[in-house]
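Asks: Next comes the sequence, and after it the predicted model I'd like to discuss.
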Amino acid sequence: MIFYFSGAGNSYAVAKQVADQIEGEQVVPLARFNDFKQCDNAKQIGIVFPCYGASAPDIVLDFKNKLFSHINKENIYVFAIITYANSAAGSYLDFKEDVDAWFKVKMPESDIYSTSAPGPAKQKSLLDKSVTEINNFAKDILNKKDTIMYRPIPGMRFISKQGNKLIKHIYKDFDKKLYSDDKCIGCKLCIKVCPVQNITFDEKPVWGSSCVNCFGCVNRCPKNAIQVGKKTKNKKRYVHPDYKNIYY
């Protein structure tokens, strides 16, 4: 089983590309999964997720802890893949005691609040390179190799913690900054793409307090009507081309 957490589709696409090379393998959104008995007969378990401010997202760390408290890792090959736009930083340190293999792959940026999505040419270049890289390490996964694709430099635990604190400060009260502008057509797609069911609808989308900062609703709105404060206005969005028809 390969679990993924994804807002704009990068981690889903990576998980799917790996799964397609393993007979009978399936990809599962971790945000909605709680039947850990299904993992008892798994030959391998993978977790694919994005880097959030030098660390794994809290929702992924919570899932990892629940998963590993339910399964016997002795007879299961466990791997993790992190997708990142700038640096995978110290996220390996959150997983090093739990995984047999660790991989990373650079993907287009989807955070359009603190930065910007790349243009079409840059997106294509990154995605083309990612396909080659994923195919290469998928062979290691298929052969259950204990590959550690990179190890953080000394002191990265401290740097990672500081980076994570900064990101949490930047995204404090993130759900209160989300709103839909006058371009909203009431299609309710935002509800379907939210991994944690945090969006309801009352003439316009209404966000609860469980936002996981995945940017799924922002990037996938067909009218670019969902904004985060003033920082996302007129910014181009990014959705992985393989993710446009995948919903929760």
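Replies: That came in fine, so what should we check first? From a predicted model like this one, the values you see are computed outputs, not experimental measurements. Numbering: from 1, shown residues only.

Asks: in what helix or strand does V131 lie?
Replies: Secondary-structure assignment from DSSP states H and E places V131 in helix 120-142.

Asks: Summarise which helices and strands that helix is packed against.
Replies: Here helix 120-142 is seen to pack against helix 10-19, strand 77-84, strand 101-106 when contacts are counted using 3 or more Cβ pairs under 8 Å, 6 or more residues apart in numbering; DSSP states H and E. Yep, even glycine has a C-beta here, placed from its N, CA and C like the rest.

Asks: gap between the residue lying closest to K183 once chain neighbours are set aside and Y179?
Replies: The shortest distance from K183 to any residue that is not its chain neighbour, by Cβ to Cβ, 6 or more residues apart in numbering, is 3.8 Å, and that residue is A225. Note on A225: its distance to Y179, by Cβ to Cβ, to the nearest Å, is 9 Å.

Asks: ditto for K161
Replies: 32 Å.

Asks: okay, now A8: neighbour count?
Replies: Using other Cβ atoms under 10 Å, A8 is surrounded by 28 other residues.

Asks: Run a quick check on it versus C217, I expect a contact.
Replies: No. Applying Cβ atoms under 8 Å, one finds A8 not in contact with C217, separated by 10.3 Å.

Asks: returning to that earlier point: which of A225 and Y179 has more residues huddled nearby?
Replies: For A225 and Y179, the more surrounded residue by other Cβ under 10 Å is A225, and the numbers stand at 20 against 15.

Asks: what about stretch 221-231, average pLDDT?
Replies: For stretch 221-231, the mean pLDDT works out to 95.

Asks: circling back: just the buried positions in the helix holding V131, please.
Replies: Residues of helix 120-142 classed as buried under the neighbour-count rule (16 or more other Cβ atoms under 10 Å) are Q123, L126, L127, S130, E133, I134, F137, A138, I141.

Asks: Also stretch 77-92?
Replies: When burial is assessed from 16+ other Cβ under 10 Å, stretch 77-92 yields the following buried residues: 77-85, 88-92.

Asks: What's the end-to-end length of it?
Replies: Separation of the first and last residues of stretch 77-92 by Cα to Cα, to the nearest Å is 17 Å.

Asks: Please apply the same query to stretch 137-150.
Replies: Criterion Cα to Cα; first-to-last residue distance in stretch 137-150 is 13 Å.

Asks: what does stretch 214-234 give?
Replies: End-to-end distance for stretch 214-234: 19 Å, by Cα to Cα.

Asks: ok, and what's touching that stretch?
Replies: Taking Cβ atoms under 8 Å, 6 or more residues apart in numbering as the criterion, the residues outside stretch 214-234 that touch it are 5-8, 57, 110-114, 117, 174, 177-185, 187, 189-190, 193-195, 199, 205, 237-239, 244.

Asks: Tell me which helix or strand in this protein has the weakest average pLDDT.
Replies: Least confident helix or strand of the chain, by mean pLDDT, DSSP states H and E, is helix 156-170 with a mean of 70.
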